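Visitor: Give me the fold of what follows.
(chains A and B)
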Amino acid sequence: MTISAVGTTAPVRRSRIRWADLAPFIALALIILVGTLINTNFASQANLLNVITRSAFVAIIAIGATFVIASGGLDLSVGSMMAFVTGIMIMAMNGLAPAYGAWAIVMGAGVALVVGALCGLFNGLIITIGRIEPFIVTLGTMGIFRAFITFMTDGGSLPLDRSLREAYRPVYFGSFLGVPYPVLITFVVILLGAFVLYKTKYGRRVVSVGSNAEVARFSGVDVGTVRTLTYVIQGLCVAVAAICYVPRLGAATPTTGQLWELQVITAVVIGGTLLRGGKGRIWGTVAGALILEIIANVMVLSDMVSEYLVAAVQGAIIIIAMLAHRLTSSR
Amino acid sequence: MQMKSLKKRIILSTALVAFAASMSVGHAQERNVKIAVSIPAATHGWTGGVVYHAEQAEKEIEAAFPNIDVIVSTASSASAQVSSLEDLSATQDLDALVILPFTSEELTGPVEQVKEKGTFIAVVDRGLSDPSVQDLYIAGDNIAVGANTAKWLSEKLNGEGEIVVLRGIPTVIDDERIKGFSDVIAKTNIKILDMQYANWNQDEAFTLMQDYLAKHPKIDAVWANDDDMLLGVIEAVDQAGRTDIKYALGGNGMKQVIDLVKKGDERTPISTPYPPSMIKSAIYMVASQFNGQAPMRGSFRLDAPLITPDNADQFYFPDSPF
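Guide: So this is what the prediction gives:
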């Protein structure tokens, strides 16, 4: 009886899920279509490359956030953490530059990865060992990291040493076979993220912890470790984003990465990951990051909206996209 | 033996500390004039500059006048500033207060209360809702920042051309700058192609400029309204390799941009000051009330003269964060 019931509902549910999973990509295609119709410059190669390249930061951080959110957590500190890691990285590079020349860039990037992972570990340990809500913990570290970068810059800006700028610039502005490096780096992060989340035992545990932590614990999953590691992954992603970010403007300021945490969370949710955990969509997240950046781009390219109302239209589009998503997935 | 000498040393050092402490107390008592300085904390470039100049003024004035004690206090929000004002006036007998208010409305009442105790009030930059509270008012001129830049630009472009503008955060400061600028431009044949917010943020300015460049195939000049944003703009223009942009201008007098001006950059040959050092001017003016008797009352509006390679040195502070 039960077996036959499962047998009849399973195929239906599968096709339904697939349709819902496609929603972010359909939304992306729609927005690209609208953009092309609004302004002919939108589809120009230069504009598209610009938009895709600069969405790399949010996309990379959002891949980490997909792990955190899929496991039932939340990280509000990513924007501030990004600024803090950027600051430490620039200081390390400037300090190493006289002795090691251009190698200081590679070493500085290494420092960034270590610092990022440690920041994530700090968040994760307080949440799991201290048993405090992730919202509160990361709200706290958001303030701490932001204050650190403000302190490090004296409220001004912390510039990268001139001798390193030329050597480091291509990491943001350069390209390989026509594909900008930040896009390539994003692609590598996507593939790694998708592999870990979908193909490894750890990835399956992340999702099972997110859907029901108690059940996961009874089936022998070390919930604390799984959760802590998602924050470490998040920290590493933040560091990778910082490595791509520094060559763009060559400086860290107290406003670096401000409010990125909200963009990151929005991208993850638009992409189909459940905010309450239990489901993670890496490719959807990337589509979400692209959607956010393209909406902003289309707003500037179109003359239809007053500059005072741009944010309202952006907000409305996001809500409409989510409603459409809900309708397609519940039908 | 060793123990004994250690003990001796401890006693000796305790005595030294006590002696030093009593000395410093005696020293402080000589400083019978207290000037409190209440300013916003360093959360971005300009306020970073304000904190730097206030601290410099504190050092210089205390070194010059042994009877004056300057107390600098920073606050991260309007309500924090109100609290720190209450603390300052409750615990100390203030002779003067120099304040850069976070907001006009919220700070007017608390400053009034400080004044009732007979404290001399100097207000900097943002005015209070009731101007009768202040004895001294020193501010920059945001309209002039926009207007002077617009005059220079329209002369250079011979009153013709197409330009784009970046706005800051929607505030009075931004509105005044934009008004000063567009009023002058309106009298010429220069067309403003686009004007959008980038929130005084380098990253957002970079992004917005990329979009402007994609949208408009020919741009003669860009005004970023702020030097922080200008740095993002310049990076975007360089990346696109666009040579049609003759001038990229900012405003505020950030040290990196003053440095460009000093070096005779062709695209950024000028800037206009909205100097954070105005806090220093105010502290000096107040200090002069209590030394050598130079009473001063009234409102002082700092002009926004063009910063050119000839006078750039006056506006360049290499040690300041801004």
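Visitor: hey, let's count contacts and neighbours off CA atoms from now on
Guide: Will do.
Visitor: which residue packs closest to residue A:231, ignoring adjacent ones?
Guide: On the basis of C-alpha to C-alpha, 6 or more residues apart in numbering or on different chains, the spatially nearest residue to residue A:231 that is not a chain neighbour turns out to be residue A:120, at 4.7 Å.
Visitor: What strand or helix carries the one you found?
Guide: Element membership of residue A:120, judged by DSSP states H and E, is helix A:103-129.
Visitor: Wait, a helix at residue A:156?
Guide: No: judged by DSSP: H, G, I helix; E, B strand; the rest coil, residue A:156 forms no part of a helix; its state is coil.
Visitor: I figured it was touching residue B:255, is that so?
Guide: No: counting by C-alpha atoms under 8 Å, residue A:156 sits too far from residue B:255 to count as a contact (10.0 Å).
Visitor: Can you pull the residues that touch both of those two?
Guide: Among the neighbours of residue A:156, those also in contact with residue B:255 (C-alpha atoms under 8 Å, 6 or more residues apart in numbering or on different chains) are residue B:322.
Visitor: between these two, who's got more neighbours?
Guide: The neighbour count for residue A:156 versus residue B:255, taken as other C-alpha atoms under 10 Å in any protein chain shown, is higher for residue A:156 (28 against 21).
Visitor: could you list every residue that touches the more buried one?
Guide: In this structure, residue A:156 makes contact with A:150, A:253, A:254, B:42, B:44, B:45, B:46, B:48, B:49, B:321, B:322, judged by C-alpha under 8 Å, 6+ apart.
Visitor: Neighbour count added to the residues you listed, as TSV?
Guide: Shown next, in TSV, are the contacts of residue A:156 (neighbours: other C-alpha atoms under 10 Å in any protein chain shown):
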residue	neighbour count
A:150	28
A:253	29
A:254	28
B:42	25
B:44	22
B:45	25
B:46	22
B:48	24
B:49	25
B:321	25
B:322	29
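Visitor: any chance of those residues in a markdown table, plus pLDDT, secondary structure and distance to residue B:288?
Guide: Compiled in a markdown table, the contacts of residue A:156 are given as follows (pLDDT from 0 to 100; DSSP: H, G, I helix; E, B strand; the rest coil; distance: C-alpha to C-alpha, whole Å):
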| residue | pLDDT | secondary structure | distance to residue B:288 |
| --- | --- | --- | --- |
| A:150 | 89 | helix | 33 |
| A:253 | 88 | coil | 36 |
| A:254 | 87 | coil | 35 |
| B:42 | 81 | coil | 27 |
| B:44 | 75 | coil | 30 |
| B:45 | 79 | helix | 29 |
| B:46 | 84 | helix | 26 |
| B:48 | 86 | helix | 25 |
| B:49 | 88 | helix | 23 |
| B:321 | 79 | coil | 27 |
| B:322 | 80 | coil | 27 |
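Visitor: Let me know the closest of these to residue A:41.
Guide: Sorting the contacts of residue A:156 by distance to residue A:41 puts residue A:253 at the head of the list, at 31.8 Å, by C-alpha to C-alpha.
Visitor: for the closest residue in space to the closest one that isn't next to it in sequence, phi and psi?
Guide: The spatially closest residue to residue A:253, leaving aside those adjacent along the chain, is residue A:157, at 4.5 Å (C-alpha to C-alpha, 6+ apart). Main-chain dihedrals, residue A:157, degrees, to the nearest 10: phi -130, psi 150.
Visitor: coming back round to it: tell me which residues of the helix holding residue A:120 come out buried.
Guide: By neighbour count, with 16 or more other C-alpha atoms under 10 Å in any protein chain shown as the criterion, the buried positions of helix A:103-129 are A:104-105, A:107-128.
Visitor: Then stretch A:175-184?
Guide: When neighbours are counted by 16+ other C-alpha under 10 Å, the buried residues of stretch A:175-184 are found to be A:180, A:181, A:182, A:183.
Visitor: now, which of those lie within helices?
Guide: A:181, A:182, A:183 (DSSP state H).
Visitor: can you narrow those residues to ones near chain B?
Guide: Checking these against chain B by C-alpha under 8 Å from any C-alpha of the partner chain, not one of them is in range.
Visitor: List just the nearest of these to residue B:201.
Guide: Compare each of these with residue B:201 using C-alpha to C-alpha and the shortest gap goes to residue A:182, at 21.3 Å.
Visitor: thinking the closest one is in contact with residue A:53, fair?
Guide: Yes: with contact defined as C-alpha under 8 Å, residue A:182 and residue A:53 form a contacting pair (6.0 Å).
Visitor: overlap in contacts of these two?
Guide: Here residue A:182 and residue A:53 share no contacting residue, scored by C-alpha under 8 Å, 6+ apart.
Visitor: what's residue B:308 in contact with, if anything?
Guide: The contact partners of residue B:308, by C-alpha under 8 Å, 6+ apart, come to B:261, B:262, B:269, B:270, B:271.
Visitor: How about the last one: which residues does it bridge to?
Guide: Just to be clear, that refers to residue B:271. In this structure, residue B:271 bridges to residue B:307 when assessed by DSSP bridges.
Visitor: Tell me the confidence at the residue nearest to residue A:253?
Guide: You'll see residue A:157 listed with a pLDDT of 83.
Visitor: how about the strands in the stretch 201-322 of chain B?
Guide: Taking DSSP state E, counting those that start in this stretch as the criterion, the stretch 201-322 of chain B contains strands spanning B:221-223, B:247-249, B:298-301.
Visitor: So which residues make contact with stretch A:83-97?
Guide: Here stretch A:83-97 makes contact (C-alpha under 8 Å, 6+ apart) with A:103-105, A:107-109, A:111-112, A:115-116, A:145-146, A:148-149, A:152, A:158-161, A:163-164, A:238-239, A:242-243, A:245-246, A:251-257.
Visitor: can you pull the buried residues of it?
Guide: Taking 16+ other C-alpha under 10 Å as the criterion, stretch A:83-97 shows A:83-94, A:96-97 as buried.
Visitor: of those residues, closest to chain B?
Guide: In terms of C-alpha to the nearest C-alpha, no member of the buried residues of stretch A:83-97 lies closer to chain B than residue A:83, at 12.1 Å.
Visitor: and residue A:224, how many neighbours?
Guide: With neighbours defined by other C-alpha under 10 Å, the count for residue A:224 comes to 17.
Visitor: distance of it from chain B?
Guide: To chain B, residue A:224 is 36 Å away according to C-alpha to the nearest C-alpha, to the nearest Å.
Visitor: Find me whatever residue is spatially closest to that residue, sequence neighbours aside.
Guide: residue A:128 (5.4 Å).
Visitor: Spatially central residue for the chain, please.
Guide: Went with chain A since none was named. Nearest to the mean C-alpha position of chain A, counting by C-alpha atoms, centre = their mean, stands residue A:62 at 1.7 Å.
Visitor: you looked at the wrong chain, it should be chain B
Guide: Against the mean C-alpha coordinate of chain B, by C-alpha atoms, centre = their mean, the closest residue is residue B:276 at 2.3 Å.
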